[in-house]
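1. Predicted coordinates and the sequence they were generated for:
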Amino acid sequence: MRGFISFLVDALVPRSCLACGRQLNSAETGVEFRLPAGSFPGLAEFLAADLAFELGAGISVPASVLCLSCWMRLEPADSMGRLERSGAAGETVPLIAPFFTNDELLELVRFLKYSGGRSAVPALGWWMAKALGDYLESLPAHASAAPLLVPVPLHPSREKSRGYNQAFLLAREVAARLGISVESRMFCRIRNTKSQSKLDDSERTTNVAGAFGLLREDLARTRNIILVDDLVTTGGTALACIAALEKAPIASIAVLSAGRVRAPCRFSGV
Ligand SMILES: [Zn+2]
């Protein structure tokens, strides 16, 4: 019965692209939506040939979310970002993201976070795994500890109301693709915070400062910690996690997200 009602709703209320509002065609609203070869000319150049082939021939993206044109408007990040930490002697942290955040990526991440859009995870995770794989390959083998993906935690009350932590879902997807492990209990949320999306840049940093406690000092000491979040905007959330990690003498740290801003993220220190 529910299936029939869904069918009727779909038939009577045409679905629109979340980003541009265009009515989606039948291919874009199928059970899944395979991007045709050549969908991402910029990204295909950026990828190794075998992965570019997989992208064109096989990767599925969530149906009924974005139209093909908006999928193609995602902007591949052409270089690795750095989080700059003023007050830390010019110290920076690698910021790995396959895309620059633009309107289309923002809609996709909002769909994941606020509309129960778990179907966005495989596609975003595919690109994040590619970006992280490149980064890990660039590290000198003798100098790098074993990587460990650590999702930025949600406060338990928010995770309960949402039903999942989107950063954990993304981390698990990336981990499965690259054969590395995930630790979801590295931190605890010491206090709840306002949603970062409703705050300006300076409020974001203050909002999350001191919000996290470190639970697994043993792992922080010995592993190459890859913090995972959906988007990095001001970097305030990542900085708050790094501050908690630095309670231990950390081996190595980087941040992985689906999207980042174009300009370097600068922190005022927490
Ligand atoms: Zn569109």
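-> Now that the structure is in, tell me what you want to look at.
2. residues in the protein within reach of the ion, list them.
-> Contact residues (Cβ under 5 Å from the ion) of the chain with the ion: Cys17, Ala19, Cys20, Cys67, Cys70. Where C-beta positions appear, they are placed from N, C-alpha and C, glycine not excepted.
3. ok, those vs Gln166, which is closest?
-> Checking those against Gln166 with Cβ to Cβ, the nearest one is Ala19 at 18.4 Å.
4. List the contacts of the residue in the stretch 101-250 of the chain that the ion sits nearest to.
-> The ion sits closest to Glu104 of the stretch 101-250 of the chain, with a gap of 7.3 Å, by Cβ to the ion. By Cβ atoms under 8 Å, 6 or more residues apart in numbering, the contact set of Glu104 is Ala19, Leu66, Cys70, Trp71, Arg73, Leu74.
5. Name the helix or strand for it, please.
-> For Glu104, the element it lies in under DSSP states H and E is helix 103-114.
6. what does whatever helix or strand comes next after that helix rub up against?
-> Sequence-wise, the next helix or strand downstream of helix 103-114 (DSSP H and E) is helix 121-138. Contact partners of helix 121-138, identified using Cβ under 8 Å, 6+ apart, comprise 47, 51, 55, 59-62, 77, 80, 94, 96-99, 108-109, 112, 144, 147, 166, 169-170, 173-174, 176-178, 226, 228, 230, 254, 256-258.
7. helices or strands up against the helix or strand just after helix 121-138?
-> Helices and strands here follow DSSP H and E; after helix 121-138, the next one along the chain is strand 147-151. When contacts are defined as 3 or more Cβ pairs under 8 Å, 6 or more residues apart in numbering; DSSP states H and E, strand 147-151 packs onto helix 166-178, strand 181-182, strand 224-232.
8. Quick one: mean pLDDT for the shortest one?
-> It stands for strand 181-182. Mean per-residue pLDDT for strand 181-182: 96.
9. now Ala176, nearest residue through space, not along the chain?
-> Gly125 (8.0 Å; Cβ to Cβ, 6 or more residues apart in numbering).
10. List the contacts of the closest residue to the ion within the stretch 151-270 of the chain.
-> Taking Cβ to the ion, the ion has its nearest neighbour within the stretch 151-270 of the chain at Gly259, 17.0 Å off. For Gly259, the contacting residues are Ala97, Pro98, Phe99, Phe100, Thr101, Asn102, Leu105, Leu106, Val109, Asp230, Leu231, Val232, by Cβ under 8 Å, 6+ apart.
11. Is it correct that the second one is in contact with Ser79?
-> Translated: Pro98. No: applying Cβ atoms under 8 Å, one finds Pro98 not in contact with Ser79, separated by 11.7 Å.
12. Tell me which stretches of the chain form helices.
-> Counting by DSSP state H, the chain has helices at residues 2-12, 41-46, 49-57, 68-72, 103-114, 121-138, 156-162, 166-178, 201-208, 217-222, 236-245.
13. deepest of the ones you listed, which one?
-> Most buried of the helices of the chain by mean neighbour count (mean count of other Cβ atoms under 10 Å) is helix 236-245; its value is a mean of 24.
14. Output that one as PDB, nothing but the C-alphas.
-> Output of helix 236-245 as PDB, limited to C-alpha atoms (Å, rounded to 0.1, in the frame of the first residue of the first chain):
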ATOM      1  CA  GLY A 236      36.100  25.800  13.900                       C
ATOM      2  CA  THR A 237      34.800  22.300  14.500                       C
ATOM      3  CA  ALA A 238      38.000  20.600  13.300                       C
ATOM      4  CA  LEU A 239      40.100  23.000  15.400                       C
ATOM      5  CA  ALA A 240      38.100  22.100  18.500                       C
ATOM      6  CA  CYS A 241      38.700  18.400  17.800                       C
ATOM      7  CA  ILE A 242      42.400  19.000  17.200                       C
ATOM      8  CA  ALA A 243      42.600  20.900  20.500                       C
ATOM      9  CA  ALA A 244      41.100  17.900  22.300                       C
ATOM     10  CA  LEU A 245      43.600  15.600  20.500                       C
END
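15. among the residues of the chain next to the ion, which ones are buried?
-> Cys17, Ala19, Cys67, Cys70 (16 or more other Cβ atoms under 10 Å).
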